[in-house]
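J.: Starting from these lines, generate the structure:
(2 chains)
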Amino acid sequence: MYTMYRRRSGWQKRQKIKNYQMESVNKMNQNVLEMRGIEKAFAVPVLKGVDFSLKQGEVHALVGGNGAGKSTLMKIMTGVYSKDAGDIFVRGNKADINHIHDAKDYGIAMIFQEMSLVQTMSVAENIFLGQEVLKNGFCDTAFMTEKAAEVLEDLGIQVNPLAKVGELSVGLGQMVEIAKAVSKDAKILVLDEPTASLSDSEIKQLFRMIRNLKKKGVSMVYISHRMNEILEIADSITILRDGNVVHTGKVFGITMDEIIGYVIGGSSSNNQFVWKEREYNREGPDLLTVEHLKVNDWINDISFSLKSGEILGLAGLMGSGRTEILETLFGVRKKEAGIIKLAGKAIIHKGSKSAVDSGLALVPEDRRRQGLILDHSVKENTILPKIKKIAKNKFFIDEKTANSIVEENIKKLNVVTDGIHKRINLLSGGNQQKIVIAKWLNMNPLVMMLDEPTAGVDIGAKGEIIELIRQFADAGKGVIFVSSELAELMAVSDRIITLYSGKITGEIERKGIKSEEELQYAIQSEKYSMG
Amino acid sequence: MPSKVKNIQWDKYMVYIIFVIVFALFGIFLGNKGFLSSNNIMNVLRQTTTISIVAVAGTFVMASGQIDLSVGSVAAMTAMFVSLVLQSTNSILLALVVGLGFGLIVGLVNGLLVTKLRLPAFLATMGMMQVVRGSAMWITNTAAVPIANKTYNNAFGIGSIFGIPVLILWTILFYVIGILLFNKMPFGRHVLATGGNEVSAGYSGINTEKVKVAAFVMSGILSAFAGILYAGRMQAGRYSFGDGDEMSVIAAVVLGGTAMSGGTGSVIGALFGSVLMGFINNALILAGLSTAQQTIVKGGIIIAAVALSNLAQKKK
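T.: Numbering: from 1, shown residues only, chains lettered A, B, ... in the order given. You can find the predicted model right below:
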């Protein structure tokens, strides 16, 4: 009945590749992939002639600040973006990679941060998805389960092949994804921040697997901001800054200081924003107090306070728990324990509504998914939290008031739009973000929390947003600011708390931080303390 | 982790647990009114045949994340076609070809509307439902068409083999095919993957559009077969056959453990779901409830059953 789905067994093919991989272990030091003179521009140049080469069976760390061009380079390699200039060679032959399927044919696979497996199916079913092994026209489930178990064992992944993927931890899911790619003859893997949401024991397990894959001749590009991990697992390193390669070589012998120096050294973002010492009452009562907040088993015992007029920066790597802490304060994530006090009063959240009512606001990390309703207009997005307050007789929306509020927001925040009825996804990132901020300014909150508010925002709007944040704090309000861009964090914060793997590792006055390098160093491990 | 004994997945077995409980309750309270008599049970099974068979395809459609509201109307139109063809040619083969061919075409159109024109399945098949139901009324101006062909009526309706009603044999046949296709063949996996994570399925080399079209075609053909059985059982074609069946099928499939969002599903569960609904219908009649009361209680039971299986799902 369903002949188009009857296909040859992919198993023999994979076995052959496996043998081939075993052979090629001996051919170490040969470049499996080379990128030469890669250029790419999106309005502004992002990659300015980048060379990158990957050897057989090595782990090659790709490092750089936000916007250095790492992910653009990898997206070109995996066929997501097309390059403007340059050449790609796979095993010495020029490769034409224009689509993600082309990359797949060359054995290049990207392992995504968010799992791209079918959550409702078993591990074995996922590994063999699309190339089921048949016996007499039926799925040979026993064989596939056995083979999946072999593949998993071979890679040292301890997981039941019959377990549903949705029931696995993020770490195991990611490893299963790698196993799936490898079983489909991928020889080059791109791991993008693979440890961002893993626990320490899961990281150890992942590293065992990576070493295993190396022995089998699989080459890996390892993107990470975590220097310790790079020093531990990578063989080579390439550092990008502003679309150029600033260093490439062996990891052996390089120090964390040197890497941080290359990543930051003289980069243009460094001198973009100047820190201004701000005046506020450092001795006054706390505006917000967080005591022993427990988000989950891993983000635990978080205590800090915020004064009126203060801008508090949270610094930490991706996966350090910064987003989760903000989400918990805002009530969209349930806290397991701890006390949150706002202006001296303990607040008990029953969701985001009570958080908003008590005077908190959150500009979330993912603007397009969490911050805005993309198909709605500028006006509808802006007045959404306020809509009940501007209802006449509590029933009908007072359109006139709504319009005038939004018009005023647009003027004050300098939002570039054809009008208040324009669909918000037609605006630029910076203008969209201003609307998200306006929407909360209108609520007149006591504390505004901003999670990566300048991600994907152009330079001009970035400056304006930072100025808005300062103005807001100057009015005696409190701000908690999260950003991966340390230069920006240092430009705007009065005080900075460093987080590592769900714990607070340090707290320091902005005045006491001498350089971005120092801060970068501080967020890299749990032991280092500043000052 | 591998050493961990697999926990009992309550959600998976919920339909069977509910089935046993409901059956036992009815047996206790309505046993003296003949609920447990083999005659009554056979009757219920025969009456649920059409829903059960469409629910086989319904499992595929919903597991792939789609929905098909046109099934009841396709059954009606097929019954009209079959009875008209039999009336004018008396050829059973031709009647079957026309009937099943019609189902196939409707399924294909549904599938193409959803995949090529990107219509939401709910709207595409709702529109199709109206078009087909209207056509069934129009073709004879709402008049019923009797079927005089005894062979046809026996084979597809009132006959039995070795004392087992043909309707039950047809049900068994379709369930055997459905279970093999869903659990044992790649197509079943591809359906689940399409409903579970379409992007990932695509990256695994699965043509998810073809999978969806195939599910709709299957639904069309099985609905047409249900129409053929309606015609055989009633020995006539009538435009009103299968009215409201789409809702019964959805309820049966969901009761059987298939998520409306796609990605999970069970064909055998759908059988228990449809038979369970048949027993509920039957018990309410035996209990002497009025039509109005029956409808109210039926609705309440469906809500309670689905809520129960959802709660079980959350617990794990």
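J.: Low-confidence stretches in the chain?
T.: If you meant another chain, say so; for now it's chain A. Counting by pLDDT under 70, the ranges of chain A that qualify are A:1-29, A:113-115, A:266-272, A:527-531.
J.: Can you look at chain B instead?
T.: Across chain B (using pLDDT under 70), the flagged ranges come out as B:1-12, B:309, B:312-316.
J.: let's see 80
T.: B:1-14, B:203-205, B:302, B:305-306, B:308-316 (pLDDT under 80).
J.: which bits of it sit near chain A?
T.: Applying C-beta under 8 Å from any C-beta of the partner chain, one finds that chain B approaches chain A through B:1-2, B:4, B:6, B:180-181, B:184-190, B:192-193, B:195-197, B:199-201, B:203-206, B:210, B:214, B:259, B:263-264, B:316. Where C-beta positions appear, they are placed from N, C-alpha and C, glycine not excepted.
J.: Buried ones among these?
T.: B:180-181, B:184-190, B:192-193, B:195-197, B:200-201, B:203-204, B:206, B:210, B:214, B:259, B:263-264 (16 or more other C-beta atoms under 10 Å in any protein chain shown).
J.: how about the strands in the stretch 401-531 of chain A?
T.: Secondary structure of the stretch 401-531 of chain A (DSSP state E, counting those that start in this stretch): strands at A:447-451, A:478-482, A:495-500, A:503-509.
J.: just checking, A:L489 touches A:S483?
T.: Yes. Assessed by C-beta atoms under 8 Å, A:L489 is found in contact with A:S483 at 4.6 Å.
J.: Next, show the common contact partners of those two.
T.: A:G313 (C-beta atoms under 8 Å, 6 or more residues apart in numbering or on different chains).
J.: one step back: just the buried ones among the residues of chain B next to chain A: which are in helices?
T.: Within these, membership in helices is found for B:186-190, B:192-193, B:195-196, B:200-201, B:203, B:210, B:214, as judged by DSSP state H.
J.: and of those residues, the nearest to A:S183?
T.: B:Y203 (14.0 Å; C-beta to C-beta).
J.: Pretty sure that closest one sits against A:L117.
T.: No. Using C-beta under 8 Å, B:Y203 makes no contact with A:L117, being 10.0 Å away.
J.: quick one, what contacts B:L86?
T.: B:I92, B:A95, B:I147, B:A148, B:N149, B:Y152.
J.: of those, buried ones?
T.: Among these, those buried by neighbour count (16+ other C-beta under 10 Å) are B:I92, B:A95, B:I147, B:N149, B:Y152.
J.: Against A:R369, how distant is the closest residue in space to the fourth one that isn't next to it in sequence?
T.: This points to B:N149. Distances taken as C-beta to C-beta, 6 or more residues apart in numbering or on different chains put B:L86 closest to B:N149, at 5.1 Å, once the chain neighbours are dropped. In this view, B:L86 and A:R369 are 57 Å apart by C-beta to C-beta, to the nearest Å.
J.: Ok, A:W298 next?
T.: Look at A:W298 and A:R369: by C-beta to C-beta, they are 23 Å apart.
J.: Same question for A:P161.
T.: Counting by C-beta to C-beta, the gap from A:P161 to A:R369 is 33 Å.
J.: between the two, which one's more packed in?
T.: Ranked by neighbour count (other C-beta atoms under 10 Å in any protein chain shown), A:P161 and A:R369 place A:P161 first, with 25 against 9.
J.: pretty sure the more buried one contacts A:E150?
T.: No. Judged on C-beta under 8 Å, A:P161 makes no contact with A:E150 at a distance of 9.3 Å.
J.: quick one: which of the contacts of B:L86 is nearest B:K298?
T.: Out of the contacts of B:L86, the member with the shortest distance to B:K298 (by C-beta to C-beta) is B:I147, at 30.3 Å.
J.: Quick one: name the residues of chain A near chain B.
T.: Proximity of chain A to chain B (C-beta under 8 Å from any C-beta) is limited to residues A:1-2, A:4-7, A:100, A:116-121, A:125, A:129-132, A:134, A:137-139, A:141, A:158-160, A:162-163, A:167, A:172.
J.: What are the buried residues along stretch A:470-480?
T.: A:F472, A:A473, A:K477, A:G478, A:V479, A:I480.
J.: quick one: which of the residues you listed is nearest to chain B?
T.: A:I480 (33.0 Å; C-beta to the nearest C-beta).
J.: My guess is the closest one contacts A:I302. True?
T.: No. Using C-beta under 8 Å, A:I480 is not in contact with A:I302, being 11.9 Å away.
J.: quick one on the thing from earlier: the residue nearest to B:N149 - that's part of a helix, no?
T.: Yes. Under DSSP: H, G, I helix; E, B strand; the rest coil, B:L86 sits within a helix.
J.: List phi and psi for A:G249.
T.: Phi and psi for A:G249, reported as degrees, to the nearest 10, are phi 170, psi -170.
J.: Can you name the residues that contact it?
T.: Here A:G249 is in contact with A:S236, A:I237 (C-beta under 8 Å, 6+ apart).
J.: Ok, the one 4 residues further on next?
T.: Under the criterion of C-beta under 8 Å, 6+ apart, A:G253 has no neighbours.
J.: ok so, going back, pull the most distant pair out of the buried ones among the contacts of B:L86.
T.: Maximum pairwise distance among the buried ones among the contacts of B:L86 (C-beta to C-beta): 10.3 Å, between B:I92 and B:I147.
J.: Contacts only, for A:G130.
T.: Per C-beta under 8 Å, 6+ apart, neighbours of A:G130: B:H190, B:A193, B:A201, B:S204, B:G205, B:I206.
J.: Could you do B:F279 as well?
T.: By C-beta under 8 Å, 6+ apart, the contact list for B:F279 reads B:V22, B:F23, B:F26, B:V44.
J.: Start from the N-terminal end of the stretch 401-531 of chain A and give the helices.
T.: A:429-441, A:459-474, A:486-492, A:516-522 (DSSP state H, counting those that start in this stretch).
J.: For these, give me CSV that also has distance to A:L288.
T.: Shown next, in CSV, are the helices of the stretch 401-531 of chain A (distance: least, C-beta to C-beta, whole Å):
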stretch, distance to A:L288
helix A:429-441, 15
helix A:459-474, 13
helix A:486-492, 17
helix A:516-522, 23
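J.: Centroid-wise, who is the farthest residue in chain A?
T.: A:N136 (46.0 Å; C-alpha atoms, centre = their mean).
J.: I figured A:L519 was touching A:L486, is that so?
T.: Yes. Counting by C-beta under 8 Å, A:L519 touches A:L486, with 5.1 Å between them.
J.: joint contacts of these two?
T.: Common neighbours of A:L519 and A:L486 (C-beta under 8 Å, 6+ apart) are A:A315.
J.: Confirm for me that B:S135 is in contact with B:M77.
T.: Yes. Using C-beta under 8 Å, B:S135 is in contact with B:M77, at 6.0 Å.
J.: between these two, which one's more packed in?
T.: Ranked by neighbour count (other C-beta under 10 Å), B:S135 and B:M77 place B:M77 first, with 30 against 14.
J.: Look up how far B:A148 lies from that one.
T.: For B:M77, the distance to B:A148 (C-beta to C-beta) stands at 21 Å.
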